[in-house]
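Colleague: Take this sequence and fold it.
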Amino acid sequence: AVFRLSLPKAAAANSPTRYLQEETDFFTAPASAKYHGAFESGLLMHSINVCAELNLDPNSKVYPSETIIIVALLHDICKANCYRTEKRNVKENGGWVEKQVYVFEDELPLGHGEKSLYIASKFIKLSDEEAAAIRWHMGAFDNAFRGGDRGLNAAYEKYPLAVMLHLADMRATYLVEREH
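Modeller: Numbering: from 1, shown residues only. Below you'll find the predicted structure:
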């Protein structure tokens, strides 16, 4: 499937839309190698699901729709251009079969939330709350938090959007996308 987004011409030259369409595989990449969205366009589907889940949160109504769309669609932009396919032997139904699988290779290893924030910030002037939401969307799954960093708690106390994005991401991943 081909997906196109449109922007006014003046904004298009240095836009996230142009970047996503022309310099990444965002619209065709999987969301993961083995888990949720591990299929073509899984990243796009997951990002749209996160946006839908975030919009369902009654607390999100205090934010402009642009904010909801930005944080939801760009929270996993770090995954663009990170997957390739290769043939591997995998065990299926008790026997080994050769299959095409996704393999993750990150050419810019900045950290998950950090990398998404870094890339998004190249194209959009984010508010502090939008930046914190993108940075900390992984919640307690974030490696910095698991290593003892206290930034997650501080961000969640200060920025409700960060909590809402994390919860929308979890609902999309573990409830909405469960059947895939």
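Colleague: Could you pull up the contacting residues of the spatially most central residue of the chain?
Modeller: Nearest to the centroid of the C-alpha atoms of the chain, with distances taken as C-alpha atoms, centre = their mean, sits Asp76, at 1.8 Å. The neighbourhood of Asp76, defined by C-beta atoms under 8 Å, 6 or more residues apart in numbering, consists of 31, 43, 46-47, 50, 116, 137. Every C-beta, even on glycine, is put in place using the N, C-alpha and C of the backbone.
Colleague: Apart from its chain neighbours, what residue comes closest to Met46?
Modeller: Just so we're on the same page, residue 46 is His rather than Met. In space, and not counting its chain neighbours, His46 is closest to Ala31: 4.1 Å by C-beta to C-beta, 6 or more residues apart in numbering.
Colleague: picking that back up, quick one: which two of the contacts of Asp76 are the most distant?
Modeller: Within the contacts of Asp76, Leu43 and His137 form the most distant pair, 14.0 Å apart (C-beta to C-beta).
Colleague: ok, those two, which is more surrounded?
Modeller: His137 (29 against 26; other C-beta atoms under 10 Å).
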